[in-house]
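> quick one, fold the following:
(one chain, ligands or ions: 1)
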Amino acid sequence: MRAGLKYPDAIARTSWPIELHDTPQGYVWEQFGDDHMHYVPFGALVSPETDNYVAAGRCIDGDTAALSSVRVMGPCIAMGAAAAHALDIASEGSVHQIDMGELKRRVHDNVERLE
Ligand SMILES: Cc1cc2nc3c(=O)[nH]c(=O)nc-3n(C[C@H](O)[C@H](O)[C@H](O)COP(=O)(O)OP(=O)(O)OC[C@H]3O[C@@H](n4cnc5c(N)ncnc54)[C@H](O)[C@@H]3O)c2cc1C
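Reported below is the predicted structural model:
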(Lines give C-alpha, C1' and ligand atoms only; values in the text may rest on other atoms or scores of the structure.)
Protein backbone atom coordinates (compact mmCIF):
# COMPACT_ATOMS: atom_id res chain seq x y z
CA MET A 1 0.00 0.00 0.00
CA ARG A 2 2.76 2.44 0.90
CA ALA A 3 4.44 1.66 -2.42
CA GLY A 4 1.21 2.27 -4.36
CA LEU A 5 1.43 -1.20 -5.93
CA LYS A 6 -1.27 -1.60 -8.55
CA TYR A 7 -2.27 -5.24 -8.44
CA PRO A 8 -3.25 -6.96 -11.72
CA ASP A 9 -6.64 -7.71 -10.13
CA ALA A 10 -7.15 -4.21 -8.66
CA ILE A 11 -10.83 -3.36 -8.25
CA ALA A 12 -10.74 -0.21 -6.09
CA ARG A 13 -8.37 2.64 -5.32
CA THR A 14 -7.91 5.31 -2.68
CA SER A 15 -5.31 7.77 -1.48
CA TRP A 16 -6.71 7.92 2.03
CA PRO A 17 -3.97 7.88 4.71
CA ILE A 18 -3.29 5.13 7.18
CA GLU A 19 -5.66 6.16 9.98
CA LEU A 20 -5.31 3.87 12.96
CA HIS A 21 -7.41 4.28 16.09
CA ASP A 22 -6.33 1.10 17.83
CA THR A 23 -4.85 2.33 21.10
CA PRO A 24 -6.24 4.44 23.94
CA GLN A 25 -3.08 6.59 23.77
CA GLY A 26 -3.99 8.22 20.48
CA TYR A 27 -4.09 7.59 16.76
CA VAL A 28 -1.75 7.14 13.80
CA TRP A 29 -2.23 9.45 10.82
CA GLU A 30 0.24 8.57 8.04
CA GLN A 31 -0.32 10.65 4.94
CA PHE A 32 1.04 9.93 1.47
CA GLY A 33 2.28 12.28 -1.25
CA ASP A 34 -0.03 14.28 -3.49
CA ASP A 35 0.24 11.85 -6.42
CA HIS A 36 -0.10 8.72 -4.29
CA MET A 37 -2.74 6.10 -4.99
CA HIS A 38 -3.10 2.59 -3.63
CA TYR A 39 -5.30 -0.25 -4.72
CA VAL A 40 -7.46 -3.08 -3.39
CA PRO A 41 -6.93 -6.43 -5.13
CA PHE A 42 -9.92 -8.66 -5.87
CA GLY A 43 -7.97 -11.42 -4.09
CA ALA A 44 -8.56 -9.62 -0.77
CA LEU A 45 -12.33 -10.04 -1.25
CA VAL A 46 -12.44 -13.80 -1.76
CA SER A 47 -11.51 -16.92 0.15
CA PRO A 48 -10.00 -20.04 -1.42
CA GLU A 49 -12.52 -22.05 0.60
CA THR A 50 -15.66 -20.61 -0.98
CA ASP A 51 -16.85 -20.29 -4.58
CA ASN A 52 -19.87 -17.99 -4.28
CA TYR A 53 -18.98 -15.59 -1.49
CA VAL A 54 -17.33 -12.17 -1.88
CA ALA A 55 -16.51 -9.85 1.02
CA ALA A 56 -16.54 -6.05 0.74
CA GLY A 57 -15.77 -3.02 2.88
CA ARG A 58 -14.50 -3.69 6.36
CA CYS A 59 -14.88 -7.46 5.92
CA ILE A 60 -12.04 -7.89 3.39
CA ASP A 61 -8.69 -9.47 4.15
CA GLY A 62 -5.83 -7.11 4.89
CA ASP A 63 -3.46 -6.13 7.65
CA THR A 64 -4.45 -3.57 10.26
CA ALA A 65 -2.70 -0.62 8.63
CA ALA A 66 -4.10 -1.34 5.16
CA LEU A 67 -7.63 -1.79 6.48
CA SER A 68 -7.37 1.51 8.38
CA SER A 69 -7.16 3.24 4.99
CA VAL A 70 -9.38 1.21 2.64
CA ARG A 71 -12.26 1.08 5.13
CA VAL A 72 -13.42 4.60 4.22
CA MET A 73 -16.63 4.99 2.26
CA GLY A 74 -15.30 5.53 -1.27
CA PRO A 75 -13.30 2.30 -1.54
CA CYS A 76 -16.02 0.44 0.39
CA ILE A 77 -18.55 1.42 -2.27
CA ALA A 78 -16.12 0.39 -5.04
CA MET A 79 -15.55 -2.97 -3.32
CA GLY A 80 -19.28 -3.54 -3.06
CA ALA A 81 -19.68 -2.83 -6.77
CA ALA A 82 -16.84 -5.21 -7.63
CA ALA A 83 -18.33 -7.92 -5.41
CA ALA A 84 -21.71 -7.62 -7.11
CA HIS A 85 -20.17 -7.68 -10.59
CA ALA A 86 -17.99 -10.68 -9.73
CA LEU A 87 -20.96 -12.68 -8.51
CA ASP A 88 -22.96 -11.66 -11.56
CA ILE A 89 -20.15 -12.77 -13.89
CA ALA A 90 -19.68 -16.03 -11.96
CA SER A 91 -23.41 -16.77 -12.12
CA GLU A 92 -23.69 -20.44 -11.05
CA GLY A 93 -19.88 -20.91 -11.29
CA SER A 94 -16.98 -20.01 -9.04
CA VAL A 95 -15.77 -16.47 -8.36
CA HIS A 96 -12.27 -17.93 -8.67
CA GLN A 97 -12.81 -18.69 -12.35
CA ILE A 98 -14.42 -15.51 -13.62
CA ASP A 99 -13.18 -13.56 -16.62
CA MET A 100 -11.01 -10.97 -14.83
CA GLY A 101 -10.89 -8.88 -18.01
CA GLU A 102 -14.67 -8.55 -17.88
CA LEU A 103 -14.60 -7.63 -14.17
CA LYS A 104 -11.88 -5.04 -14.77
CA ARG A 105 -13.87 -3.60 -17.68
CA ARG A 106 -16.92 -3.20 -15.45
CA VAL A 107 -15.04 -1.50 -12.59
CA HIS A 108 -12.68 0.49 -14.84
CA ASP A 109 -13.74 3.92 -13.59
CA ASN A 110 -13.15 2.89 -9.97
CA VAL A 111 -9.54 1.88 -10.67
CA GLU A 112 -8.14 4.10 -13.41
CA ARG A 113 -7.44 7.80 -13.08
CA LEU A 114 -9.90 9.82 -15.14
CA GLU A 115 -8.02 12.50 -17.09
C1 LIG B 1 -17.80 7.12 13.83
C2 LIG B 1 -17.34 6.83 12.43
C3 LIG B 1 -17.05 7.91 11.59
C4 LIG B 1 -16.65 7.67 10.29
N5 LIG B 1 -16.40 8.72 9.45
C6 LIG B 1 -16.13 8.50 8.17
C7 LIG B 1 -15.99 9.58 7.25
O8 LIG B 1 -16.12 10.75 7.60
N9 LIG B 1 -15.70 9.30 5.95
C10 LIG B 1 -15.56 8.01 5.52
O11 LIG B 1 -15.32 7.80 4.32
N12 LIG B 1 -15.66 6.96 6.37
C13 LIG B 1 -15.96 7.18 7.67
N14 LIG B 1 -16.09 6.13 8.53
C15 LIG B 1 -15.78 4.77 8.04
C16 LIG B 1 -16.87 4.23 7.17
O17 LIG B 1 -18.11 4.82 7.44
C18 LIG B 1 -17.01 2.70 7.40
O19 LIG B 1 -15.73 2.10 7.53
C20 LIG B 1 -17.74 2.11 6.20
O21 LIG B 1 -19.06 2.60 6.16
C22 LIG B 1 -17.74 0.60 6.28
O23 LIG B 1 -18.54 0.12 5.23
P24 LIG B 1 -19.00 -1.38 5.26
O25 LIG B 1 -19.85 -1.56 4.04
O26 LIG B 1 -17.84 -2.28 5.46
O27 LIG B 1 -19.88 -1.55 6.57
P28 LIG B 1 -21.16 -0.76 7.07
O29 LIG B 1 -21.26 0.60 6.45
O30 LIG B 1 -21.13 -0.89 8.56
O31 LIG B 1 -22.35 -1.60 6.45
C32 LIG B 1 -22.70 -2.86 6.96
C33 LIG B 1 -24.22 -2.96 6.89
O34 LIG B 1 -24.59 -4.32 7.16
C35 LIG B 1 -25.73 -4.28 8.00
N36 LIG B 1 -25.80 -5.56 8.68
C37 LIG B 1 -25.04 -6.00 9.71
N38 LIG B 1 -25.41 -7.24 10.06
C39 LIG B 1 -26.40 -7.60 9.22
C40 LIG B 1 -27.20 -8.77 9.08
N41 LIG B 1 -27.01 -9.83 9.87
N42 LIG B 1 -28.13 -8.79 8.11
C43 LIG B 1 -28.31 -7.72 7.27
N44 LIG B 1 -27.58 -6.58 7.36
C45 LIG B 1 -26.66 -6.54 8.33
C46 LIG B 1 -25.51 -3.08 8.90
O47 LIG B 1 -26.72 -2.62 9.44
C48 LIG B 1 -24.90 -2.07 7.91
O49 LIG B 1 -25.88 -1.29 7.26
C50 LIG B 1 -16.51 6.34 9.82
C51 LIG B 1 -16.80 5.27 10.68
C52 LIG B 1 -17.21 5.51 11.97
C53 LIG B 1 -17.54 4.35 12.87
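> would you double-check that Val28 falls in a strand?
Yes. Assessed with DSSP: H, G, I helix; E, B strand; the rest coil, Val28 lies in a strand.
> need the nearest residue in space to it, chain neighbours excluded.
Distances taken as CB to CB, 6 or more residues apart in numbering place Leu20 nearest to Val28, at 4.0 Å, with adjacent residues excluded. C-betas here are computed from N, CA, C, even on glycine.
> ok, now how distant is the one you found from Pro75?
Computed as CB to CB, to the nearest Å, the Leu20 to Pro75 distance reads 16 Å.
> neighbour-wise, which of the two wins?
Between Leu20 and Pro75, counting by other CB atoms under 10 Å, Pro75 is the more crowded of the two (23 against 16).
> I figured that one was touching Ala10, is that so?
No. Taking contacts as CB atoms under 8 Å, Pro75 lies outside contact range of Ala10: 11.0 Å.
> give the residues shared as contacts by these two.
Taking CB atoms under 8 Å, 6 or more residues apart in numbering as the criterion, Pro75 and Ala10 both touch Val40.
> which residue does this protein bring closest to the ligand?
Gly57 (2.2 Å; CB to the nearest ligand atom).
> right, and that residue touches Cys76 too?
Yes. Between Gly57 and Cys76 a contact is recorded at 3.9 Å, counting by CB under 8 Å.
> sorry, back to before: contact partners for the residue of the chain closest to the ligand?
Arg71, Cys76, Met79, Gly80.
> ok, longest helix in this structure?
Of all segments of type helix in the chain, defined using DSSP state H, the longest is helix 73-90.
> circling back: which one of the contacts of Gly57 is nearest Met100?
Minimum distance to Met100 across the contacts of Gly57 is 15.7 Å, recorded for Met79 (CB to CB).
> which stretches in the chain count as strands?
For the chain, strands defined by DSSP state E occupy the ranges 10-14, 18-23, 26-30, 38-41.
> which elements pack onto the first one?
Of the remaining helices and strands, those touching strand 10-14 by 3 or more CB pairs under 8 Å, 6 or more residues apart in numbering; DSSP states H and E are strand 38-41, helix 64-70, helix 73-90, helix 100-106, helix 108-111.
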